[in-house]
Structure formats: C-alpha cells, structure tokens
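Enquirer: Curious how this folds, go ahead:
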Amino acid sequence: MLLPFLSLLPAAGPAAAADGPAVTLSTAQAGTGGSVTVNGSGWRPRTLVMLLICGQATPARGVVGGTNSCANADGRAVTTDADGRFSRPLPVAEPPAPCPCVVHVATATGAKAQADAVFQVAGHPVRPLPAATTGGRLSVLTDTRLEGSGGLLTWFGAPPSRTLVFTVGNVGTGPVENPVFRVGTAHGVFAAQWDERQWHGTIRPGGKARVELPVELAAGAHGDYTVSLEYGGKVLAEQPWGVGRPWGVTLFWILLCLVVPTALFRIGMAVVDRVRPRPAARQPARTLLRGRPRPAPEPEPSALSHATLPWFTPDGTPGAAVRGPAPQPDRPTPPATLTLPKASPAPAPSRASPAPAPPRASTAPESPSTLSPPAASGTPTSPPAPNPSADPADPAPPSAPTPPPAPVSPPAPARPTRPTSPTSPTTPHRKGST
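Expert: Numbers count the residues shown, from 1 in each chain. Now for the predicted structure:
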C-alpha cells in the first residue's frame with residue numbers, strides 16, 4: 001500500500017522548484033571578512049543575478065529599506081546554468097542598516113524575480129523591524145509610460161516635464177487612502193534624485209486605479225534619463241526618458257556674439273561723431289545797414305570770358321585766346337572778300353554830262369566773317385569831309401548800293417591801290433579811285 005505513495009515522492013522535488021526560485025547558504029552566521037557560499041535553484045536559465053547582504057530585512061517582509069540598506073560594494077554577480085542553478089561564494093561585510101539580515105538574491109536582467117535567505121553577521125548590531133502597516137498593499141498592474149511633450153520654451157532651456165501614468169491595484173485586505181509615491185530621476189549612471197508625490201484618492205481591496213504623477217527635470221537638462229517609481233520602500237517600475245538638447249539656447253548665444261559687437265560698434269561710432277570737433281561754417285559779413293541796397297554780385301571769371309566787350313569782336317575777346325577756339329563742324333570755308341568803300345557824290349559839271357556808271361556789283365555773297373564790325377557807340381568818329389565842288393542847290397544823287405565784296409588774295413603792302421579792308425566805312429574816296 002505504501003508503494004504507490006512512495007512512487008509519487010520523486011516528483012515532489014521538481015514541483016517545489018517550479019513554484020519559484022530558492023536560495024540556500026553554506027552557513028547561517030559568519031563574521032566580517034569571512035565568506036559564505038550561496039546556492040540557488042529554480043531560476044530562469046542563463047540569467048544574471050545579484051547577491052547582496054542586506055540589513056533590516058526578513059524573507060517574509062523583504063528588504064524594508066530597499067537596496068540602500070545593503071552592502072552594495074561587496075556584492076557579487078553570477079549567471080545561472082541551463083537548469084537555472086548557480087553556486088557562488090560571497091564575502092561577508094556589514095550592511096549599513098542593523099540586523100536582522102538576509103542574503104538578498106535578485107535578477108538583474110529580464111523579468112524580475114527575487115529570493116531571501118536568513119543570515120547573521122557576527123558582531124553587527126541588531127534592532128527590531130518597524131511595525132508593519134496593516135491594510136492594503138499596492139502593486140503595479142500595467143506598464144508605466146510618460147505622456148506629454150516639450151514646447152517652445154523647452155527648446156530655449158525651460159525645465160522639461162512629463163506625466164508618469166500607470167495603473168495600480170490593491171492586493172491587500174484593507175483600503176489605501178491617499179498613497180504617497182516616490183518618483184526618482186537618474187541621469188545616466190548617476191544616482192537617482194527622489195521626490196515625493198501624493199495621489200489623492202482611495203483604492204479599496206481588490207480595486208485598481210489610474211495614477212498620474214508629474215515628473216520635472218532641471219532647466220537645460222538633456223540626455224538619457226531613467227524615471228523610477230517607489231512605494232512602501234520597493235521600486236515598482238522604471239521608465240526610460242530621452243530628453244532632446246535645447247538648441248534655442250545655442251542659437252541665442254550665436255546671435256548674441258554677432259549682435260552685441262555690432263551694436264557696440266554703432267554706439268561707439270555715434271559717440272565719436274558727436275564728440276569730435278566740427279569746422280566753423282563761413283558766413284558772409286553783413287556790413288550793410290538797413291534800407292541800403294545790396295551791392296550787385298561780382299560776375300564770375302567764367303562769365304567775363306564769355307562777355308563781348310565793345311572794342312573787341314566776339315572772336316577777339318581776351319578770353320578767346322585763353323580758352324581756345326570752340327570746336328566747329330566741318331564746313332566749307334568761304335573765299336576771302338574785299339569790301340569796297342562807298343563812292344562819294346561827284347561834283348556837278350559845268351556842262352551837261354552823263355552821270356558816271358556805277359561799278360559792277362559782284363555776284364559773290366557776303367561773308368559775315370569778312371564784314372567789318374560796326375563802330376562802337378562809345379568810340380568817337382570824325383564827321384565826313386565836305387565836298388566844295390558839290391552844289392548845295394542840287395539834290396544829291398541817290399547813293400549806289402554797296403557792291404558785295406569780291407574774293408581777293410591776302411593784301412600786300414606794295415599795292416596800296418587795292419587795300420585789304422577800309423579803316424572806316426564812312427571814309428570818303430575820290431572819284432575814279434580803284
């Protein structure tokens with residue numbers, strides 16, 4: 001009758017191992033500087049686990065003070081084999097919290113699993129554990145997430161902020177009212193900075209609630225951060241958070257380096273322009289009294305050079321020799337002409353005689369450049385000499401029209417009978433002169 005019952009005993013070992021991970025120690029007590037061998041079974045295969053000696057802890061309540069009450073510097077790590085077993089010696093060190101103490105084993109990768117074994121550190125102080133709070137016990141039911149996004153101010157260095165959202169359930173026997181959570185933020189490998197956040201509400205036994213807690217970083221923070229959630233001395237969840245760089249601050253400094261020197265340069269130039277002495281403006285002397293006419297302004301030298309003086313022809317002004325002849329278009333040069341003097345009336349003969357024939361007029365047109373200039377009004381002229389042979393009773397014969405000048409060659413001094421130009425248009429000539 002006992003054989004069927006005994007046949008079931010070998011199967012009890014694997015079933016017990018399947019219930020969860022277990023830890024055993026080679027000795028239950030050791031002093032500082034000693035060593036204890038830790039054996040584990042029932043763990044996931046090929047999993048990395050951490051071995052620590054912690055104070056203020058029991059297998060029933062776990063590590064009350066968290067990993068802060070453990071000797072982290074003297075901890076060891078080990079990887080389980082294909083069957084989920086391991087064996088590793090652990091040096092004995094005094095934890096920062098008093099005993100009761102345990103050897104705490106927890107997974108470092110993958111799904112979380114932990115187990116504790118009672119251990120006594122010889123010579124370490126012992127204090128009772130704090131009274132356990134009766135009532136509810138919270139557990140995270142869903143994955144945590146960060147909601148929200150950065151705005152324009154965050155791009156210029158404002159503190160980035162998010163909202164940590166998760167769902168918790170009350171797995172205890174009493175209600176939980178206004179629970180206080182601890183939210184920690186860690187940058188890279190640095191230690192987390194914890195802040196307390198209280199959620200207002202009541203969670204009844206077996207109930208659940210959605211919790212939202214604000215998370216805020218320092219101004220100008222950027223990089224990879226880790227947000228941790230803790231309640232009742234236990235870390236419930238962790239959430240990574242990547243914060244972008246505030247590029248607006250970089251743009252501000254670049255613009256500052258460009259604008260400030262330019263503004264200082266403009267201000268300096270304005271100050272120099274205002275401070276430097278200015279030359280005194282020349283003002284005309286006002287020597288005229290009220291009521292007297294103002295003197296006429298003196299003509300400019302350029303105006304005098306263009307004025308036609310009464311005793312000079314337009315081509316013979318003093319300014320013409322200085323300025324040089326003005327450019328003339330290419331025109332045919334007319335032949336030089338000779339202006340004949342006006343014939344004086346002949347004396348009346350004693351007997352009837354025919355009037356002398358007037359000289360033949362030349363058909364060549366007069367040239368303005370060969371005509372003698374008129375006598376100036378300011379130059380005195382001598383009256384014409386009277387003719388004694390003329391009869392006052394007889395009317396003077398009509399004057400013959402002045403013949404146009406004929407083209408001649410330049411005058412020669414040896415031929416006085418053909419003058420090149422008369423000295424005056426009013427000078428009389430005797431009859432028959434050529």
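Enquirer: ok, now which ones touch the residue nearest to Ser69 when sequence neighbours are not counted?
Expert: Leaving aside its chain neighbours, Ser69 sits nearest to Ala97 (3.5 Å; criterion: Cβ to Cβ, 6 or more residues apart in numbering). In this view, the C-beta of every residue, glycine as well, is placed from N, C-alpha and C. Ala97 makes contacts with Cys54, Gly55, Gln56, Gly65, Asn68, Ser69, as judged by Cβ atoms under 8 Å, 6 or more residues apart in numbering.
Enquirer: Endpoint to endpoint, stretch 128-145 covers what distance?
Expert: One end of stretch 128-145 sits 38 Å from the other (Cα to Cα, to the nearest Å).
Enquirer: Break down the stretch 151-300 of the chain into its strands, ranges please.
Expert: 161-170, 176-177, 180-187, 193-198, 202-203, 208-216, 223-231, 234-243 (DSSP state E, counting those that start in this stretch).
Enquirer: Take those and lay them out in a markdown table including distance to Ala115 and mean pLDDT.
Expert: Formatted as a markdown table, the strands of the stretch 151-300 of the chain follow (distance: least, Cβ to Cβ, whole Å; pLDDT from 0 to 100):
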| stretch | distance to Ala115 | mean pLDDT |
| --- | --- | --- |
| strand 161-170 | 23 | 92 |
| strand 176-177 | 27 | 88 |
| strand 180-187 | 25 | 92 |
| strand 193-198 | 26 | 89 |
| strand 202-203 | 28 | 90 |
| strand 208-216 | 27 | 93 |
| strand 223-231 | 21 | 91 |
| strand 234-243 | 15 | 89 |
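Enquirer: out of those, which comes closest to Ala30?
Expert: Taking Cβ to Cβ, strand 234-243 is the member of these nearest to Ala30, at 27.4 Å.
Enquirer: surely Pro96 meets Ala71?
Expert: Yes. If you go by Cβ atoms under 8 Å, Pro96 and Ala71 touch, sitting 7.3 Å apart.
Enquirer: So what's the residue count around Ser69?
Expert: When counting by other Cβ atoms under 10 Å, one arrives at 21 neighbours for Ser69.
Enquirer: From Asn178, how far off is it?
Expert: 26 Å (Cβ to Cβ, to the nearest Å).
Enquirer: next one: Val78
Expert: 42 Å.
Enquirer: Compare these two (neighbour count), which wins?
Expert: Val78 (19 against 10).
Enquirer: Tell me the bridge partners for the more buried one.
Expert: Counting by DSSP bridges, Val78 forms beta bridges with Val49.
Enquirer: Hmm, Leu90 and it touching each other?
Expert: No. The pair Val78 / Leu90 is not scored as a contact, 9.5 Å apart, by Cβ under 8 Å.
Enquirer: if I look at these two, which residues touch both of them?
Expert: Among the neighbours of Val78, those also in contact with Leu90 (Cβ under 8 Å, 6+ apart) are Leu51.
Enquirer: So Asn68, which state does it fall into?
Expert: Here Asn68 is recorded as helix under DSSP: H, G, I helix; E, B strand; the rest coil.
Enquirer: what packs against the longest helix anywhere in the chain?
Expert: The longest helix of the chain (DSSP state H) is helix 247-275. Packed against helix 247-275 by the contact rule (3 or more Cβ pairs under 8 Å, 6 or more residues apart in numbering; DSSP states H and E) you find helix 152-155.
Enquirer: Of all the residues in the helix it packs on, which ones are buried?
Expert: Going by neighbour count (16 or more other Cβ atoms under 10 Å), the buried part of helix 152-155 is Thr154.
Enquirer: what is Lys208 paired to in the beta sheet?
Expert: Applying DSSP bridges to Lys208, the residues it is bridged with are Gly169.
Enquirer: who are the neighbours in contact with it?
Expert: Contacts of Lys208 (Cβ under 8 Å, 6+ apart): Leu141, Thr167, Val168, Gly169, Asn170.
Enquirer: Equivalent analysis for Trp241, please.
Expert: Leu146, Arg162, Thr185, Val215, Asp224, Tyr225, Thr226, Val227.
Enquirer: Tabulate those (JSON lines), appending distance to Ala28.
Expert: Formatted as JSON lines, those follow (distance: Cβ to Cβ, whole Å):
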{"residue": "Leu146", "distance to Ala28": "45"}
{"residue": "Arg162", "distance to Ala28": "47"}
{"residue": "Thr185", "distance to Ala28": "40"}
{"residue": "Val215", "distance to Ala28": "43"}
{"residue": "Asp224", "distance to Ala28": "42"}
{"residue": "Tyr225", "distance to Ala28": "42"}
{"residue": "Thr226", "distance to Ala28": "36"}
{"residue": "Val227", "distance to Ala28": "39"}
